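**Student:** Compute the structure for the input listed below.
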Amino acid sequence: MIDGRQIRAARAMLGWSREELLDASGISMSALLRMEGNMADSRSSTLNKVAKALTLAGIEFVTRDDGGIGVILKGELAQKPHHPPQ
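**Tutor:** Okay, here's the model as predicted:
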């Protein structure tokens, strides 16, 4: 399960605004704000939409056995900002 810090970090690595993530994932702003703020358990379907959009953009979510979390921007995508399809 990804958390709000990973979502915020992924957006930053991609150079995406919240609106760009909303366009790519099809979720509402209120749902995204709740997810990014870890304020409520989001529905798994909503979280899956966000994870899928970020993964398709080149993000890999990392969860280590020791509890560490993070994100990685894969390969050539790390060389330039990536924007969601319009």
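
**Student:** Tell me how many other residues surround R18.
**Tutor:** For R18, the tally of surrounding residues (other Cβ atoms under 10 Å) stands at 14. The C-beta positions use only the backbone N, C-alpha and C, and glycine is treated the same way.

**Student:** List the buried residues in the helix ranked longest in the chain.
**Tutor:** Ranked by residue count, the top helix of the chain under DSSP state H comes out as helix 44-56. Buried positions in helix 44-56, judged by neighbour count with 16 or more other Cβ atoms under 10 Å: 46-47, 49-51, 53-54.

**Student:** In JSON lines: the residues you listed, plus distance to A24.
**Tutor:** Converted to JSON lines, the buried residues of helix 44-56 look like this (distance: Cβ to Cβ, whole Å):
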{"residue": "T46", "distance to A24": "13"}
{"residue": "L47", "distance to A24": "14"}
{"residue": "K49", "distance to A24": "9"}
{"residue": "V50", "distance to A24": "9"}
{"residue": "A51", "distance to A24": "11"}
{"residue": "A53", "distance to A24": "4"}
{"residue": "L54", "distance to A24": "8"}
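
**Student:** Redo these as a markdown table? Include pLDDT.
**Tutor:** Shown next, in a markdown table, are the buried residues of helix 44-56 (pLDDT from 0 to 100):
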| residue | pLDDT |
| --- | --- |
| T46 | 91 |
| L47 | 92 |
| K49 | 95 |
| V50 | 96 |
| A51 | 95 |
| A53 | 97 |
| L54 | 97 |
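
**Student:** next helix or strand past the longest helix of the chain?
**Tutor:** Counting by DSSP states H and E, the next helix or strand C-terminal to helix 44-56 is strand 59-63.

**Student:** Which strands or helices does that following strand pack on?
**Tutor:** Applying 3 or more Cβ pairs under 8 Å, 6 or more residues apart in numbering; DSSP states H and E, one finds that strand 59-63 contacts helix 4-14, helix 44-56, strand 69-73.

**Student:** Kindly reformat the ones you listed as a markdown table containing distance to M35.
**Tutor:** Listed next are these as a markdown table, based on distance: least, Cβ to Cβ, whole Å:
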| stretch | distance to M35 |
| --- | --- |
| helix 4-14 | 6 |
| helix 44-56 | 7 |
| strand 69-73 | 14 |
